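Q: sequence first, predicted model second:
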Amino acid sequence: MSRLQPHPQLQKVREALLELHKTLVDSERVGYEVAMGPISSPNHFLKLLSSDPWFAWLLPLSGLIVTIDEALDRRIPLSPNEAQDLLAQIRRLLVASEEGHGFPRSYFEALQRDPDVIFAHSRVVLLLR
């Protein structure tokens with residue numbers, strides 16, 4: 001069985017990462033609406049995503065997706081080392097932890113409460129192998 005070349009692998013991981021991001025956003029929205037009440041409009045939701053502390057823990061994942069998109073869209077193709085570095089950044093970010101705070105802690109909580117997050121996470125992890 002041949003190993004995927006870094007660039008195609010990165011593209012596939014990016015697609016799975018987008019799915020994971022959407023799943024996390026949807027999951028957090030449900031929690032937010034249970035705690036704070038319904039979100040009045042898509043514009044209000046977008047504002048909450050970008051500035052409300054409830055959703056702030058998702059910013060490292062959003063930022064990494066932007067970094068990957070910029071790398072894939074640039075004129076000079078990614079070198080295998082650059083692609084591997086981005087894959088390593090994804091691996092480092094997607095570590096859940098019951099201890100501490102920030103992304104690892106909130107990611108742990110999302111994995112504990114929402115099976116859809118578990119499925120989306122496992123798709124990314126499988127592609128990172």
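A: That came through fine.
Q: so who does Ile118 touch?
A: The contact partners of Ile118, taken as Cβ atoms under 8 Å, 6 or more residues apart in numbering, are Leu111. From N, CA and C alone the C-beta is placed, and that goes for glycine too.
Q: which strands and helices lie in contact with the longest helix along the chain?
A: Counting by DSSP state H, the longest helix found in the chain is helix 6-36. For helix 6-36, the elements it packs on are helix 42-51, helix 59-73, helix 80-93, helix 102-113, helix 115-128, judged by 3 or more Cβ pairs under 8 Å, 6 or more residues apart in numbering; DSSP states H and E.
Q: of all those, which one is nearest His7?
A: His7 sits nearest to helix 80-93 of all the helices and strands packed on helix 6-36, at 5.3 Å, using Cβ to Cβ.
Q: got the CA positions of that closest one in PDB?
A: In PDB, the C-alpha atoms belonging to helix 80-93 read as follows (Å, rounded to 0.1, in the frame of the first residue of the first chain):
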ATOM      1  CA  PRO A  80       6.800  18.000   1.000                       C
ATOM      2  CA  ASN A  81       8.400  19.500   4.200                       C
ATOM      3  CA  GLU A  82       5.900  22.400   4.300                       C
ATOM      4  CA  ALA A  83       3.000  20.000   3.900                       C
ATOM      5  CA  GLN A  84       4.300  17.700   6.600                       C
ATOM      6  CA  ASP A  85       4.700  20.700   8.900                       C
ATOM      7  CA  LEU A  86       1.100  21.700   8.400                       C
ATOM      8  CA  LEU A  87       0.000  18.100   9.100                       C
ATOM      9  CA  ALA A  88       2.100  18.100  12.300                       C
ATOM     10  CA  GLN A  89       0.400  21.400  13.400                       C
ATOM     11  CA  ILE A  90      -3.000  19.700  13.000                       C
ATOM     12  CA  ARG A  91      -1.800  16.700  15.000                       C
ATOM     13  CA  ARG A  92      -0.600  19.000  17.800                       C
ATOM     14  CA  LEU A  93      -3.800  21.000  17.900                       C
END
